[in-house]
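S.K.: predicted structure and sequence below. I'll ask about it afterward.
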Amino acid sequence: MLGFLLFLTAPVPAPEQVPLAPTATDTSVPALARTWPVGVRPAVLRGWEPPATVYGRGHRGVDLAAPTGAPVRTVAAGRVSFAGRVAGKGVVSVELTGTDLRTTYEPVTASVAKGDEVEAGEVVGTVSATGSHCTTTCVHWGLRRGETYLDPLSLLPPWLLHRGPSRLLPVLGVPLPT
């Protein structure tokens, strides 16, 4: 009986603390994109260059070549958190479903409104003729987790990011032509 009482009064280890949200240094991104924001495989005019400090120089997204008026698509399902103008440029932001990630597209003439639910590949606007920081028309595609900027290309799965030419493989049991 004494052993049982000691068991009941023994200290219980505290449950392991599992963070409910990733820390600001968490740069892991699930490859959940199902399409490029513009085109099939647009040229990346300028890649992601993370700043050394919060206010440091860098490029907080990627610039994708796209002609004026081209449709801009959300890369994954989500909810539009912003559709409007910032510093004279049209911007659309989408909070991605089931994540703490947010994508942005600019300069865009929005065809969606704040609160709209969007599916992967759904058009959220068109490329604007003005407002780009590129030397030619482009879409600046950004990705954030909280206040941390991340590389939006990391949302693309390998099959979408590095699509190469199709290759035929031999069929087992069938002789090769001579």
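M.R.: Arrived safely, thanks for sending.

S.K.: which residues in this structure form strands?
M.R.: 44-46, 62-65, 71-73, 78-86, 89-96, 101-106, 108-110, 117-118, 123-127, 138-145, 148-150 (DSSP state E).

S.K.: closest one to residue 35 among the ones you listed?
M.R.: Residue 35 lies closest to strand 71-73 among the strands of the chain, at 5.6 Å (C-beta to C-beta). Glycine gets a C-beta too; all of them are placed from N, C-alpha and C.

S.K.: can you tell me which of the strands of the chain is nearest to residue 175?
M.R.: Closest of the strands of the chain to residue 175 is strand 44-46, at 43.4 Å (criterion: C-beta to C-beta).

S.K.: sorry, back to before: a markdown table for the strands of the chain, including mean neighbour count, distance to residue 174 and mean pLDDT?
M.R.: Below are the strands of the chain laid out as a markdown table (neighbours: other C-beta atoms under 10 Å; distance: least, C-beta to C-beta, whole Å; pLDDT from 0 to 100):
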| stretch | mean neighbour count | distance to residue 174 | mean pLDDT |
| --- | --- | --- | --- |
| strand 44-46 | 15 | 40 | 91 |
| strand 62-65 | 22 | 42 | 95 |
| strand 71-73 | 21 | 41 | 98 |
| strand 78-86 | 16 | 46 | 97 |
| strand 89-96 | 21 | 44 | 97 |
| strand 101-106 | 23 | 46 | 97 |
| strand 108-110 | 21 | 50 | 97 |
| strand 117-118 | 16 | 46 | 98 |
| strand 123-127 | 21 | 44 | 97 |
| strand 138-145 | 23 | 44 | 95 |
| strand 148-150 | 20 | 46 | 91 |
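
S.K.: and of these, who's closest to residue 162?
M.R.: Comparing the strands of the chain by their distance to residue 162 (C-beta to C-beta), the top pick is strand 44-46, with 12.4 Å.

S.K.: quick one: strands adjacent to that closest one?
M.R.: Under the criterion DSSP bridges, strand 44-46 sits next to strand 62-65 (antiparallel) in its sheet.

S.K.: would you turn the strands of the chain into JSON lines with distance to residue 157?
M.R.: Output for the strands of the chain, formatted as JSON lines (distance: least, C-beta to C-beta, whole Å):
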{"stretch": "strand 44-46", "distance to residue 157": "16"}
{"stretch": "strand 62-65", "distance to residue 157": "16"}
{"stretch": "strand 71-73", "distance to residue 157": "16"}
{"stretch": "strand 78-86", "distance to residue 157": "17"}
{"stretch": "strand 89-96", "distance to residue 157": "14"}
{"stretch": "strand 101-106", "distance to residue 157": "15"}
{"stretch": "strand 108-110", "distance to residue 157": "24"}
{"stretch": "strand 117-118", "distance to residue 157": "19"}
{"stretch": "strand 123-127", "distance to residue 157": "21"}
{"stretch": "strand 138-145", "distance to residue 157": "15"}
{"stretch": "strand 148-150", "distance to residue 157": "16"}
